[in-house]
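J.: Provided below for reference: sequence and predicted model.
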Amino acid sequence: MRAAIWIGVSVWASAVAAQVPPTNGHVVSNTDFSDAQSPAWRERISRESARHVDALRAGGRYSIKALAVINDLQWPLKPVASFDQFDYHGTKYFVDHDPRYPGLVQDYTCGTRTYDLDTGYNHAGTDYYLWPFPWLMMDRGLVQIVAAAPGVIADKADGNFDRDCAIASGTDPNFVSVRQDDGLTAIYLHMRSGSVTTLPIGTRIAAGDYLGLVGSSGQSSGPHLHFELRDANNAVVDPRHGMCNDAPDRWAVFQPYEDPHIDTLSTHSADPLFVDCGVDDAGNAVDETPYYQDRFTPGSPVWVFASYRDQRNGEVTNFSILRPDGSTFAQWDFDLASENEPAAFYSGTAWDWQYTLPADAPGGTWQFRADFQGQTYVHEFAVAASPFDPGAAGRDREQVGARAVRCRPQANGSSAPGCP
């Protein structure tokens with residue numbers, strides 16, 4: 001069913017509603033979506049990329065266009081055309097500006113949304129993870145990695161295992177590095193195996209060109225893009241300006257430090273199941289089980305689900321379930337503080353509530369609505385008195401992902417046969 005979002009606060013959202021605890025919840029922990037690269041891998045890739053770029057420069061195929069370019073970076077992720085929710089990601093970690101280790105960290109705002117390791121690794125990039133069902137989203141190919149700026153492909157690798165769940169794995173990532181026209185090198189890490197562009201090293205690309213799909217290859221604890229910038233001396237460049245980074249901000253569209261937002265609203269036939277790792281103990285691939293469903297019969301249970309990016313204690317959401325005539329079936333408030341979590345802020349959360357439709361529930365289009373931080377989000381679902389196959393209802397929703405897998409853009413930018 002259709003999802004919609006409006007900016008502004010609706011009149012109904014101003015009503016005082018009771019707090020209703022969720023049936024279940026999930027928060028992104030400190031160890032989720034982290035990564036590391038071994039010094040040996042880093043040195044080898046830096047050396048290979050430099051050699052490739054030197055050859056391109058000697059052949060007249062690469063030159064620095066503008067050393068002083070700022071605000072040139074475009075958003076490096078792109079959902080497939082069939083993606084039908086409000087958003088698809090969270091931002092976990094930023095560059096660590098404190099060279100000391102371990103446990104001495106400082107992001108660009110002088111905050112602590114970064115990390116280091118006792119091996120001496122200081123996090124060198126920005127991590128964007130898939131949310132709320134990262135392994136399922138990864139396997140369906142719902143989110144592409146695209147070039148943030150124009151340049152030439154300086155190096156790449158594909159075919160490495162892409163379901164790593166620990167940063168101590170020691171495996172190599174699938175990646176693309178791009179020597180940008182501004183002289184910086186952008187490194188896109190942890191791509192899904194088999195998804196890396198087939199364009200050869202030395203190919204000129206534009207901002208927005210397809211590079212691969214989000215995965216968890218290399219030393220990675222979950223599906224995410226690690227986006228990293230390096231200068232000609234191989235020093236880390238943080239593209240975000242703040243109190244602890246006096247370098248200019250390089251993003252074309254400003255990215256706030258905290259960006260509270262609802263990523264998804266959805267309805268389900270059962271409590272959605274998360275998995276911590278994309279493989280089971282036997283090494284078999286596993287995904288989350290959302291139990292998506294958008295059609296229900298009177299008297300049936302309904303789970304309503306909301307996922308957040310950057311949720312903080314004290315930020316109240318007003319939820320509502322509305323009948324086809326606009327009257328309120330259920331209304332409640334939710335504050336992260338009510339869950340007594342160890343932290344007051346999480347970069348990603350997900351919660352669901354269970355309701356049972358009355359036996360005389362009117363048929364038609366119902367709405368699951370949320371008002372959060374000045375925005376109103378709506379997910380529609382159907383109630384029909386006539387019999388229908390509940391399995392088909394689930395399959396209708398699952399088909400969105402199936403189409404995404406079949407119709408994701410090919411590495412050369414074209415579409416697969418039969419795709420739009």
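T.: Looks like it came in fine.

J.: pull the number of nearby residues for Gly170.
T.: As a burial measure, Gly170 scores 12 neighbours (other C-beta atoms under 10 Å). In short, each C-beta sits where N, CA and C put it, glycine included.

J.: am I right that it is in contact with Gln219?
T.: Yes. Checked against C-beta atoms under 8 Å, the pair Gly170 and Gln219 is within contact range at 6.9 Å.

J.: show me where this protein has its helices.
T.: Ranges of helices within the chain are 39-58, 134-140, 390-407, based on DSSP state H.

J.: relative to Arg179, how far out is the residue of the chain most remote from its centre?
T.: Distance from the C-alpha centroid of the chain, by C-alpha atoms, centre = their mean, peaks at Asp360 (39.6 Å). According to C-beta to C-beta, to the nearest Å, Asp360 and Arg179 sit 66 Å apart.

J.: and the residue nearest to Trp251 when sequence neighbours are not counted, how many neighbours?
T.: Using C-beta to C-beta, 6 or more residues apart in numbering and skipping the chain neighbours, the partner closest in space to Trp251 is Leu73 (5.0 Å). Per other C-beta under 10 Å, the neighbour tally for Leu73 reads 24.

J.: Leu73: what's it in contact with?
T.: Taking C-beta atoms under 8 Å, 6 or more residues apart in numbering, we find Leu73 in contact with 148-149, 239, 250-252.

J.: out of those residues, who's nearest Asp280?
T.: Nearest to Asp280, judged by C-beta to C-beta, of the contacts of Leu73 is Ala148 at 35.1 Å.

J.: near that closest one, how many other residues are there?
T.: Ala148, neighbours per other C-beta under 10 Å, totals 26.

J.: again, but for the one 4 residues further on
T.: The number of residues packed near Val152 is 22, by other C-beta under 10 Å.

J.: surely it touches Ile64?
T.: No. Between Val152 and Ile64 there is no contact under C-beta under 8 Å: 11.2 Å.

J.: now do the shared contacts for Gly170 and Gln219.
T.: In contact with both Gly170 and Gln219: Ser38, using C-beta under 8 Å, 6+ apart.

J.: buried residues in stretch 235-247?
T.: Neighbour counts over stretch 235-247 (16 or more other C-beta atoms under 10 Å) mark 237-242, 245 as buried.

J.: could you tell me the end-to-end distance of that stretch?
T.: Stretch 235-247 has its terminal residues 13 Å apart, counting by C-alpha to C-alpha, to the nearest Å.

J.: sketch out the low-pLDDT regions of the stretch 301-420 of the chain for me.
T.: Within the stretch 301-420 of the chain, the ranges that satisfy pLDDT under 70 run 386-420.

J.: 50 instead, please
T.: 393, 395-420 (pLDDT under 50).

J.: how far away is the residue nearest the centre of the chain from Gln37?
T.: The residue lying closest to the centre of the chain (C-alpha atoms, centre = their mean) is His89, at 2.2 Å. Noted for His89: a distance of 21 Å to Gln37, by C-beta to C-beta.

J.: domains of this structure?
T.: Listed by automatic domain parsing, the domain ranges of the chain are 3-28+259-407, 39-237.

J.: out of these, which one sits most buried?
T.: domain 39-237 (a mean of 20; mean count of other C-beta atoms under 10 Å).

J.: can you tell me the average pLDDT over it?
T.: Domain 39-237 carries an average pLDDT of 93.

J.: cool, and stretch 259-270?
T.: Here the average pLDDT along stretch 259-270 is 97.

J.: Ser193 against Ala157, yeah?
T.: No. Using C-beta under 8 Å, Ser193 is not in contact with Ala157; the gap is 10.2 Å.

J.: quickly list what's touching both of the two.
T.: With C-beta under 8 Å, 6+ apart, Ser193 and Ala157 have common neighbours Asn174.

J.: what distance do you get for the residue lying closest to Ser300 once chain neighbours are set aside to Val28?
T.: Once flanking residues are discounted, Ser300 sits nearest to Leu357: 5.7 Å by C-beta to C-beta, 6+ apart. In this view, Leu357 and Val28 are 32 Å apart by C-beta to C-beta.

J.: same check on Asp360?
T.: 40 Å.

J.: please report how far Glu339 lies from Asn313.
T.: 9 Å.

J.: for Gln375, same thing?
T.: 19 Å.

J.: ok, Ile45 touching Asp172?
T.: No. Ile45 is beyond contact range of Asp172, at 9.2 Å (criterion: C-beta under 8 Å).

J.: only alpha carbons, please: show stretch 166-179 as PDB.
T.: Output of stretch 166-179 as PDB, limited to C-alpha atoms (Å, rounded to 0.1, in the frame of the first residue of the first chain):
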ATOM      1  CA  ALA A 166      32.800  -9.100  13.000                       C
ATOM      2  CA  ILE A 167      35.500  -6.500  12.600                       C
ATOM      3  CA  ALA A 168      38.100  -9.200  13.600                       C
ATOM      4  CA  SER A 169      37.400 -11.300  10.500                       C
ATOM      5  CA  GLY A 170      40.600 -10.400   8.700                       C
ATOM      6  CA  THR A 171      38.900 -10.700   5.300                       C
ATOM      7  CA  ASP A 172      39.200  -8.100   2.500                       C
ATOM      8  CA  PRO A 173      36.300  -5.900   1.400                       C
ATOM      9  CA  ASN A 174      34.700  -5.500  -1.900                       C
ATOM     10  CA  PHE A 175      35.200  -1.800  -2.800                       C
ATOM     11  CA  VAL A 176      35.700   1.000  -5.300                       C
ATOM     12  CA  SER A 177      38.100   3.900  -5.000                       C
ATOM     13  CA  VAL A 178      37.700   7.000  -7.100                       C
ATOM     14  CA  ARG A 179      40.300   9.600  -7.700                       C
END
